[in-house]
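1. compute the structure for the input listed below.
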Amino acid sequence: MATTASDLFIDRLTEWGVDTVFGLPGDAINGFMKALRKRHEQIRYVHVRHEEVGAMAAVTMVLSFGDARRADGLLRRRGGG
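-> As a prediction, this is how the structure comes out:
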């Protein structure tokens with residue numbers, strides 16, 4: 001099977017230590033969702049009902065369970081700090 005851009009993106013996320021992705025599936029990201037399904041043992045996908053809920057869940061997860069430096073970088077890129 002050919003390697004797609006979505007496969008490479010998932011590979012990079014795992015290299016960066018990402019183990020959970022929050023998202024809202026749609027037609028535009030079907031390739032990404034397929035790549036996530038192929039690697040479900042490496043990266044967990046959490047379905048959310050709105051993009052903002054996914055962003056809040058990701059920040060809350062990092063602040064609660066993860067490396068606070070990641071959350072700081074997330075918030076600075078978003079303009080929250």
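2. okay, now the domains of the chain?
-> 1-47, 48-81 (automatic domain parsing).
3. okay if I get these as a markdown table plus mean pLDDT and mean neighbour count?
-> C-beta: built from backbone N, CA, C; applies to glycine. As requested, these are exported to a markdown table (pLDDT from 0 to 100; neighbours: other C-beta atoms under 10 Å):
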| stretch | mean pLDDT | mean neighbour count |
| --- | --- | --- |
| domain 1-47 | 88 | 13 |
| domain 48-81 | 71 | 13 |
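4. contact partners for Val53?
-> Phe22 (C-beta atoms under 8 Å, 6 or more residues apart in numbering).
5. what distance do you get for it to Val46?
-> 10 Å (C-beta to C-beta, to the nearest Å).
6. now do Leu24
-> From Leu24 to Val46 the distance is 10 Å (C-beta to C-beta).
7. next one: Thr4
-> For Thr4 relative to Val46 (C-beta to C-beta), the value is 22 Å.
8. Lys38 now?
-> For Lys38, the distance to Val46 - C-beta to C-beta - is 17 Å.
9. now the residue nearest to the spatial centre of the chain: which helix or strand?
-> Among the residues of the chain, the one closest to the centroid is Val21, at 2.9 Å (C-alpha atoms, centre = their mean). Secondary structure assignment for Val21, by DSSP states H and E: strand 20-23.
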